[in-house]
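Asker: Provide a 3D model corresponding to the input given below.
(chains A and B)
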Number of protein chains: 2
Amino acid sequence: MNLRDVRLARAYLSRVAEPHAGALSTLVAEVGPLEAAALVRAGDVSPSVASQTSARRAQEQAEDDLQRVKAKGGRLVIPEDDEWPRWPFVSLGVAASHRRCGGEPLALWVRGDHRLTDLAERAVAVVGSRDSSGYGQHVATELAHGLAAAGVVVVSGAAYGIDGAAHRGALSAGGTTVAVLACGVDVAYPAGHQGLLAKIAQAGVVVSEYPPGVQPARHRFLTRNRLIAAFGAGTVVVEAARRSGAKNTAATTLALGRVLMAVPGPVTSLSSTGCNELLRSGDAVPVSNVAEVVESIGRFGDDLVEPTTRTTHDLGPPQGEAMRVYEALGLRDGFSPEAISVESGVELPRVRALLPELELAGLAQREDSGWRRLSPPQPQSQPQSQPA
Amino acid sequence: MNLRDVRLARAYLSRVAEPHAGALSTLVAEVGPLEAAALVRAGDVSPSVASQTSARRAQEQAEDDLQRVKAKGGRLVIPEDDEWPRWPFVSLGVAASHRRCGGEPLALWVRGDHRLTDLAERAVAVVGSRDSSGYGQHVATELAHGLAAAGVVVVSGAAYGIDGAAHRGALSAGGTTVAVLACGVDVAYPAGHQGLLAKIAQAGVVVSEYPPGVQPARHRFLTRNRLIAAFGAGTVVVEAARRSGAKNTAATTLALGRVLMAVPGPVTSLSSTGCNELLRSGDAVPVSNVAEVVESIGRFGDDLVEPTTRTTHDLGPPQGEAMRVYEALGLRDGFSPEAISVESGVELPRVRALLPELELAGLAQREDSGWRRLSPPQPQSQPQSQPA
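Answerer: Numbers count the residues shown, from 1 in each chain, chains lettered A, B, ... in the order given. Down below sits the predicted model:
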């Protein structure tokens, strides 16, 4: 099999069929891309494949398209390439067979030097509304910055609002970020993000199913969203209204069996309604900072966040009167406050006040027989968390 | 059994022992309040009961205390009274036996005319930080107002911040609210809430384990919190920092097997850290409005909130071209966009754009054979929700 011919065949099919073309994909899987391209060219296909290809099958511009993307420093990555992110896309096929979302793409047009499969190994999608609030933009920037600083690849859709903040946050940390577009990788959309897209192509990659020159359209955003979800080990929805493209990405994330996360927001903010709904339905895990995202993904190694509810460490060891009261406690037998007062030399009212504080700190416990000492928890190393 | 004598005995024990006095409660359960009071007076008790009663057993002021609370329009409610909230307090005994929190109170000092057992039948606790934000105060007020308007009794602790906002919200709806104090019901604490407490005593009740004149103390707040949790069918934490008395009430709520709810808040706000942690740990259910609180409690009848994620109703029936495309779809067989274009007379690019919109609205579905019509969901009555 000549890889150049295969690439030309897939470039042709990518131009001819509007993604996602399930019947065509099935044909390619059955007869291979070269044969499939020949059959489509000849119009010698089933009605379902014909409905996906007949309108554009005369558009023979594979060579041109490959040249056009090369002129932009790009290339066409196909499933036959080593860098094809095979495993991340397997679940697309499975989910597609349940008709929950489109299947694997026929090929991906790419600007940027990173190998796709390397990027997908440690990636998280960070998405949200175009119409974001200052809160959402702030959180998206901080999260993406922290994820990138921790070596996580940030995937998003290059839209205004949350997407843009996520890409910028990752870039500002010197990290790698992936923009998945609903148009050709040479199309400056949205117009105000032309400079941002150029930076992403330098530090990361810009990716699309659509051949050069294809303009964005509403249905292409929905089709594109499945690739954002498929690229990451999980998706963080930073801010989303009740109806939002981000909720579509969220649904696909679940259909793919990936981890869906949402950032809690004010219940008074319409921009957070979608996130708070995802939390209440139980579909999404709440995440407040980078450490919690990494913990939720749970496949990047020993990333468990230390629980933050343990207050002992915050309080430090008991001091002064509290230490005297603590030391007067027995480990096995409970003592009355009076007995502890005598033993510690601390006045009874003060003892009564300190004991519940020690209890709150996990150092003492009240029983029917009186107050008993608890061993302090083992010292813990500080979590490597980046507060968002 | 003379109820007046029993009330005097319990008033005496309430003055003598600092709540929660587990050993004394056990003695009362075993020998009855009259005999228990006599034994305590005589000092003829076990060391554990002695440690809870010896310091104050000479304080014979039961008659005075009953007079003092009566002068304030109050009374002492005891387990022997019909209005004693027996069932809500049963779990306190169970939880106490697991040493998770103090058990049932010996008696309750009450200002206000409502029968306690009536109030506890349909009550929810709304709690949170003293040091609340404008966001938290707003949400607490709105939630409490809406709950009260729906006939739910709002229980809280009369503190500054969230507690005060909750009581005020309930009062502003003409509803009933319960303030559980960590001091005598005649003590104006916090000082700035003297007027509020008077209003609560008129429209609802002010309740305390502590006899008249007892001043608040830190350990009393912790002891008090278990009664707030026990009084309600569930607890809503509106706003709480990482370390907060509200988290203590939250822990007790769980120990009592009640529903714990938390209002999501900005991850950038320290005032919401505690709530967001409760959500992430899975201990609390997120609630954004009154309808969700009522649904989460789930015991006030047919209170299920309509899911808000269904967008069809928001969009209304499809119109114009969308309606034509929708009507061109088959219910059983999938059609290609081309076929739909011919059937509907809508231009193909427009058909391609409308189909995903119909899909988003739950009216169409994409399959390998093409696009298929879905039945619209049944019209739903609007939820009786009070947005918070």
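Asker: name the helix or strand of chain A that has the lowest mean pLDDT.
Answerer: Across the helices and strands of chain A, mean confidence by mean pLDDT, DSSP states H and E is lowest for helix A:312-315: a mean of 36.
Asker: could you give me the buried positions within stretch A:180-195?
Answerer: A:Val180, A:Leu181, A:Ala182, A:Cys183, A:Gly184, A:Val185, A:Asp186, A:Val187, A:Tyr189, A:Pro190, A:His193 (16 or more other Cβ atoms under 10 Å in any protein chain shown). Where C-beta positions appear, they are placed from N, C-alpha and C, glycine not excepted.
Asker: so which residues on the stretch 151-300 of chain A come close to chain B?
Answerer: Residues of the stretch 151-300 of chain A lying close to chain B (Cβ under 8 Å from any Cβ of the partner chain) are A:217-219, A:222-223, A:242-243, A:247-248, A:263-268, A:272-273, A:275-277, A:279-281, A:285-289, A:292.
Asker: tell me where the stretch 151-300 of chain A has helices.
Answerer: In the stretch 151-300 of chain A, the segments counted as helices under DSSP state H, counting those that start in this stretch are A:162-172, A:194-203, A:218-231, A:245-255, A:273-280, A:290-297.
Asker: ok so, going back, would you mind pulling up the elements that the next helix or strand after the least confident helix or strand of chain A packs against?
Answerer: The first helix or strand that comes after helix A:312-315 along the chain, using DSSP states H and E, is helix A:320-328. Packing partners of helix A:320-328 (3 or more Cβ pairs under 8 Å, 6 or more residues apart in numbering or on different chains; DSSP states H and E): helix A:337-344, helix A:348-360.
Asker: tell me the mean pLDDT for helix A:320-328?
Answerer: Mean pLDDT, helix A:320-328: 78.
Asker: helix A:337-344 and that one, what's the angle between them?
Answerer: Computed with axes from the mean of the first three to the mean of the last three Cα atoms, to 10 degrees, the direction of helix A:320-328 lies at 100 degrees from that of helix A:337-344.
Asker: tilt between helix A:320-328 and helix A:348-360?
Answerer: Using the same axes, to 10 degrees, helix A:320-328 lies at 70 degrees relative to helix A:348-360.
Asker: got the buried residues for helix A:320-328?
Answerer: Using 16+ other Cβ under 10 Å as the test for burial, helix A:320-328 gives A:Glu321, A:Ala322, A:Met323, A:Arg324, A:Val325, A:Tyr326, A:Ala328.
Asker: same check, this time on stretch A:261-281
Answerer: Neighbour-count burial for stretch A:261-281 [16+ other Cβ under 10 Å]: A:261-269, A:271-280.
Asker: what's A:Ile228 in contact with, if anything?
Answerer: Going by Cβ atoms under 8 Å, 6 or more residues apart in numbering or on different chains, A:Ile228 touches A:Ala125, A:Val127, A:Val155, A:Ser156, A:Gly157, A:Val180, A:Thr235, A:Thr249.
Asker: tell me which entries of those residues lie within strands.
Answerer: Counted as lying in strands by DSSP state E, out of these, are A:Ala125, A:Val127, A:Val155, A:Ser156, A:Val180, A:Thr235.
Asker: what helix or strand is A:Gly93 on?
Answerer: helix A:86-97.
Asker: helix or strand right after that helix?
Answerer: Following helix A:86-97 toward the C-terminus (DSSP H and E): strand A:108-111.
Asker: and that next one, what does it pack onto?
Answerer: In terms of contacts (3+ Cβ pairs under 8 Å, 6+ apart), strand A:108-111 is packed against helix A:62-71, strand A:74-77, strand A:205-208.
Asker: out of the ones you listed, which one sits most buried?
Answerer: strand A:205-208 (a mean of 27; mean count of other Cβ atoms under 10 Å in any protein chain shown).
Asker: for chain A, which spans come out with low pLDDT?
Answerer: A:1, A:98-100, A:299-320, A:345, A:376-388 (pLDDT under 70).
Asker: max-length helix in it?
Answerer: helix A:134-149 (DSSP state H).
Asker: buried sites along it?
Answerer: Going by neighbour count (16+ other Cβ under 10 Å), the buried part of helix A:134-149 is A:135-149.
Asker: how about the residues of the stretch 1-150 of chain A by chain B?
Answerer: A:18, A:22-23, A:26, A:48, A:51-52, A:54-55, A:99, A:135, A:138-139.
Asker: can you show me the CA trace of stretch A:35-47 as PDB?
Answerer: Output of stretch A:35-47 as PDB, limited to C-alpha atoms (Å, rounded to 0.1, in the frame of the first residue of the first chain):
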ATOM      1  CA  GLU A  35     -11.100   1.200  -3.400                       C
ATOM      2  CA  ALA A  36     -13.700   3.300  -1.500                       C
ATOM      3  CA  ALA A  37     -12.400   6.500  -3.300                       C
ATOM      4  CA  ALA A  38     -12.600   4.700  -6.700                       C
ATOM      5  CA  LEU A  39     -16.100   3.500  -6.000                       C
ATOM      6  CA  VAL A  40     -17.300   6.900  -4.900                       C
ATOM      7  CA  ARG A  41     -15.700   8.600  -8.000                       C
ATOM      8  CA  ALA A  42     -17.500   6.100 -10.200                       C
ATOM      9  CA  GLY A  43     -20.800   6.600  -8.400                       C
ATOM     10  CA  ASP A  44     -20.800   2.800  -7.900                       C
ATOM     11  CA  VAL A  45     -22.000   2.900  -4.300                       C
ATOM     12  CA  SER A  46     -25.100   2.000  -2.100                       C
ATOM     13  CA  PRO A  47     -27.800   4.700  -1.900                       C
END
